[in-house]
Each structure stands twice: as structure tokens, then as C-alpha cells.
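**Student:** task: produce atomic coordinates for the following.
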Amino acid sequence: PNYAPRAPRSPTSRIPMRNLSRRMMSTKPTQSYISCERRGSLAAITLQRPRALNALNLEMVRELQAAFQDASTDASVRCLLLTGEGKAFCAGGDVKAVMLAAKEEPPARGNIADAFFREEYTLNAALAASDKPQVSVWDGICMGGGAGLSVHGKFR
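**Tutor:** The predicted model follows:
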């Protein structure tokens, strides 16, 4: 992602209620769940699922991985800032979406639920191994996957 000022979301980008679990845990993004902004040498990433308390889904994990990869390979980025929109930093993984996806697919390596946990833990490991300082702002609720995103940083 490029680190540009974020644009407001359109009300028409809301996900219809039918097939909600498949859309939330699918491999095709339907909308962006994070915003990336550059502030000098700081790469600021904001989680943007406030109605779900910024709970992580597969698309969000993939967007975070891409944003982190961009920031970690950009020599002009000296620090990464993670924040959450609304009243939560991150309420963890979207357990409801994972359970609904698991009901739709038999348990197996490589299914959507498996991919979610595998990719989330891979992201956590990459954050832990990073040479660049990471600051996470726990302004509100922080549980499970939200802690996993942030405990590896030097500042919380």
C-alpha cells in the first residue's frame, strides 16, 4: 500500500448480510480494512473495522502483512505506528467469521480458517523479528490477536 491520507469509506461499500462469513474470511478482498499514512519517517497503520472492534479477518491480516512488508523494506521508514479506529485497538481475531467459515468447509490444512491462523502468526513473527521499532497505541480494547500484533513492539 502507499502511505497516503485515507479517504472516507463509502456507505455503499458495506457488505450485505447474506454470505457474510464467506465474504469476511474469503481470499478476495471486498474493501480495505486498514489505512496507511506516511508522516515523515513514520509509517502509520490504522485498523479500520470499528463496528467489529477492529477484529482481525483474513483480508485484514493480508493487508497488514503487505503494509508491514512495504514499511520494513523502505529505508526512509524508521518507525511503524499501529492504531485502531474507534473504541478498540483490536479485539483479536474475528472468531465468529472463523467459526462460520469452518462450518462451511471441512477441517483441513489450507482451508480459510487454517489460512487465517497461519497467516496471522506469520505476521506476528515478522513483527517480532523486525529491526524497526514498532509503537502500538492501545486506546481501548486489546485482546488476543490485537496483543499478538503489538506485544513484539518496543512501546505499547
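**Student:** now the chain, which segments are flagged as low pLDDT?
**Tutor:** Within the chain, the set of residues satisfying pLDDT under 70 comprises 1-30, 106-110, 155-156.
**Student:** mind listing the strands for this structure?
**Tutor:** Secondary structure of the chain by DSSP state E: the strands cover 34-39, 42-47, 79-84, 88-90, 134-136, 141-142.
**Student:** nearest to Phe116, out of those strands?
**Tutor:** Smallest distance to Phe116 across the strands of the chain (C-beta to C-beta): 14.2 Å, for strand 88-90. In short, each C-beta sits where N, CA and C put it, glycine included.
**Student:** who does the closest one touch, helix- and strand-wise?
**Tutor:** Using 3 or more C-beta pairs under 8 Å, 6 or more residues apart in numbering; DSSP states H and E as the contact criterion, the elements in contact with strand 88-90 are strand 79-84, strand 141-142, helix 145-150.
**Student:** nearest to Gln65, out of these?
**Tutor:** Gln65 lies closest to helix 145-150 among the helices and strands packed on strand 88-90, at 11.0 Å (C-beta to C-beta).
**Student:** hmm, who's touching that closest one?
**Tutor:** 54-56, 64, 82, 84, 88-93, 120-121, 123-124, 127, 134, 136, 138, 142, 156 (C-beta atoms under 8 Å, 6 or more residues apart in numbering).
**Student:** and that helix, how far out from the chain middle?
**Tutor:** Mean C-alpha position of helix 145-150 versus that of the full chain (C-alpha atoms, centre = their mean, to the nearest Å) differs by 10 Å.
**Student:** can I get it in PDB, CA atoms only?
**Tutor:** The C-alpha coordinates for helix 145-150 follow below in PDB (Å, rounded to 0.1, in the frame of the first residue of the first chain):
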ATOM      1  CA  GLY A 145      -4.700 -11.100  18.000                       C
ATOM      2  CA  GLY A 146      -4.500  -7.400  18.900                       C
ATOM      3  CA  ALA A 147      -2.000  -8.300  21.600                       C
ATOM      4  CA  GLY A 148      -0.200 -10.600  19.100                       C
ATOM      5  CA  LEU A 149       0.100  -7.600  16.700                       C
ATOM      6  CA  SER A 150       1.600  -5.300  19.400                       C
END
